[in-house]
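In: Sequence below, structure please.
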Amino acid sequence: MAFRRALATVARNGHLVTDWALLCRYLGLDDLETESISYRYPGARERCQHSLIRWTDIAAGSGQQLGVAVLLKVLRRCNSHKLAGEY
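Out: As a prediction, this is how the structure comes out:
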């Protein structure tokens, strides 16, 4: 539950929405995934949101455990320390 709320907060963050492609890179999405998201979703906020959704889908498919701690690492790598500090 806390993880889903954190994802929703990240998807609304102005810094990350603007730099959604950088977020994709730090989430570990490859260029093909990033291009696919860019093609399918016209707005930056939608792209950011769907980048996070795709990341969670890929992790779930590979059996990787995701949680707030993992998301915080990504946020810090994106220089979103203030947002990371909220959790």
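
In: how many other residues sit next to residue 62?
Out: For residue 62, the tally of surrounding residues (other CB atoms under 10 Å) stands at 7. No exception for glycine: its C-beta is placed from N, CA and C like everyone else's.

In: Which pLDDT value goes with residue 25?
Out: At residue 25, the pLDDT value in this model is 92.

In: So the nearest residue to it once chain neighbours are set aside: helix, strand or coil?
Out: Distances taken as CB to CB, 6 or more residues apart in numbering place residue 34 nearest to residue 25, at 7.6 Å, with adjacent residues excluded. Classification of residue 34 by DSSP: H, G, I helix; E, B strand; the rest coil places it in helix.

In: List phi and psi for residue 43.
Out: phi -100, psi 150 (degrees, to the nearest 10).

In: whoops, residue 45 was the one
Out: When read as degrees, to the nearest 10, the backbone of residue 45 gives phi -60, psi -40.

In: now residue 13
Out: According to degrees, to the nearest 10, residue 13 has phi -70, psi 120.

In: Can you give me the neighbour number for it?
Out: Each residue near residue 13 was counted by other CB under 10 Å, and the total is 19.

In: Quick check, residue 24 in contact with residue 33.
Out: Yes - judged on CB atoms under 8 Å, residue 24 makes contact with residue 33 at a distance of 6.9 Å.

In: Which helix or which strand is home to residue 59?
Out: helix 44-61 (DSSP states H and E).

In: what comes up buried for that helix?
Out: 44-45, 47-52, 54-56, 58 (16 or more other CB atoms under 10 Å).

In: so who does residue 45 touch?
Out: Contacts for residue 45 (CB atoms under 8 Å, 6 or more residues apart in numbering) come out as 11-12, 17.

In: Just the buried subset of these, written out for PyMOL, thanks.
Out: Only the buried entries of the contacts of residue 45 go into this PyMOL selection, using 16+ other CB under 10 Å:
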select buried, resi 11+17
